[in-house]
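J.: here is my input; please provide its structure:
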Amino acid sequence: MSAPPQVLALRAPGIGDLLTAVPALRALRRGFPAARLVLAAPPGLTGLVELIGGIDATTPAEGPDGLHWAGPPPRLAVNLHGSGPQSIDALRATRPDELLTHGHPDRPGVTGPPWQSEVHEVRRWCDLVDGYGLPADTTDLTLARPDLPAPVPDAVVIHPGAAHMSRRWPPERFAQVARALHADGHHVVVTGSPAEGDLTAEVTARAGLPAAADLAPRCTPELLAALVAAARLVVCGDTGTAHLATAYRTPSVLLFGPTTPERWGPERDGPHTVLWDGTTGDPHGDRPDPGLLRIGATEVLHAARARLGS
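T.: As a prediction, the model looks like this:
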């Protein structure tokens, strides 16, 4: 018996980026029911990939340059990573029968729809596969719950980190919110990656929380998903944790800046309060965005209490 055809999709950034591609990945699954669907993604996200469902295997890729495909040429290679040209080149190197990607001016021989900068990230990938004849639902974002139990059920999750400093609200303000919610009687925990241990320890200490409330030292993506799925509230910036709250319909207060929520905010209705100054800036900057800094702790605390009260 011949091996089934393979569909290879590339989506190799972080948690939030992966979760915005969920509807498109499910459309690929429906469109190629007999194929082996392989996702190229960072190895640390394998546990979250399993929660999407329908993906047969993963292959490691830390960014497009990290994709080293050893299998036979895919029936279809799908660029869900970015505008290119690096991601285009990485998938072309797998010698696919077909390549589904956005076009790029530096690769005139590659056909595909033009890249549109001002479009929601979920809709971007849905439109790409829809143009191939694979309809995707932008609200199809729900993840399965991990088998791992939540370390703290019904917690208020404070997640102060972000990939870039421009998206990081000041730790003393996160601590102010955490301290007040703890005083209200809520079980407050602080999350982050192990690499963000200094930040989470600072917020935990400033908030007067017990040291055990800092979950960063053991916070794998799967543990974070289990925690968010069972949480009472999430308070965070424009991060992967915000997308987990959307995936599980967990109430959240989301702080945006310098990116706009029209591009990265919740794509479907849900119990989410989005706070945004209305201005944009450099999402990869090395200092907190001025618009983000104009969101005060009192405003965030008021929104958090409103969500907890409802």
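J.: helices of the protein, start to end?
T.: Ranges of helices in the chain, per DSSP state H, are 15-20, 22-31, 46-52, 86-92, 121-130, 171-183, 197-206, 221-229, 240-247, 261-264, 290-293, 297-309.
J.: how far does stretch 11-24 stretch from start to finish?
T.: 11 Å (CA to CA, to the nearest Å).
J.: pick the most buried one from the helices of the chain.
T.: helix 240-247 (a mean of 28; mean count of other CB atoms under 10 Å). Using the backbone N, CA and C atoms, a C-beta is placed for each residue, glycine as well.
J.: mind exporting it as PDB, just the C-alpha atoms?
T.: Provided in PDB are the C-alpha atoms of helix 240-247 (Å, rounded to 0.1, in the frame of the first residue of the first chain):
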ATOM      1  CA  GLY A 240       0.000  34.100  23.600                       C
ATOM      2  CA  THR A 241      -1.800  33.900  27.000                       C
ATOM      3  CA  ALA A 242      -4.400  36.300  25.600                       C
ATOM      4  CA  HIS A 243      -5.000  33.800  22.700                       C
ATOM      5  CA  LEU A 244      -5.400  31.000  25.200                       C
ATOM      6  CA  ALA A 245      -8.100  33.000  27.000                       C
ATOM      7  CA  THR A 246      -9.900  33.400  23.700                       C
ATOM      8  CA  ALA A 247      -9.500  29.700  22.900                       C
END
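J.: hang on, residue 243 packs against residue 15?
T.: Yes: with contact defined as CB atoms under 8 Å, residue 243 reaches residue 15; the gap is 6.6 Å.
J.: got the contact list for the nearest residue to residue 263 once chain neighbours are set aside?
T.: Distances taken as CB to CB, 6 or more residues apart in numbering place residue 120 nearest to residue 263, at 5.6 Å, with adjacent residues excluded. By CB atoms under 8 Å, 6 or more residues apart in numbering, residue 120 lies in contact with 138, 262-265, 267.
J.: pipe those residues into a markdown table and attach distance to residue 200 per row.
T.: Listed next are those as a markdown table, based on distance: CB to CB, whole Å:
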| residue | distance to residue 200 |
| --- | --- |
| 138 | 32 |
| 262 | 29 |
| 263 | 27 |
| 264 | 23 |
| 265 | 24 |
| 267 | 28 |
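J.: and those, which is closest to residue 187?
T.: Using CB to CB, residue 265 is the member of the contacts of residue 120 that lies nearest residue 187, at 26.7 Å.
J.: surely residue 199 and residue 159 touch.
T.: No: Residue 199 is beyond contact range of residue 159, at 10.2 Å (criterion: CB under 8 Å).
J.: touching both of these two, which residues are there?
T.: residue 192.
J.: any idea how far residue 189 is from residue 248?
T.: 16 Å (CB to CB, to the nearest Å).
J.: which one of these two has more residues nearby?
T.: Neighbours per residue (other CB atoms under 10 Å) separate residue 248 from residue 189, with residue 189 holding more: 25 against 21.
J.: who does the more buried one form a beta bridge with?
T.: residue 157 (DSSP bridges).
J.: got it, and residue 252?
T.: Counting by DSSP bridges, residue 252 forms beta bridges with residue 234, residue 272.
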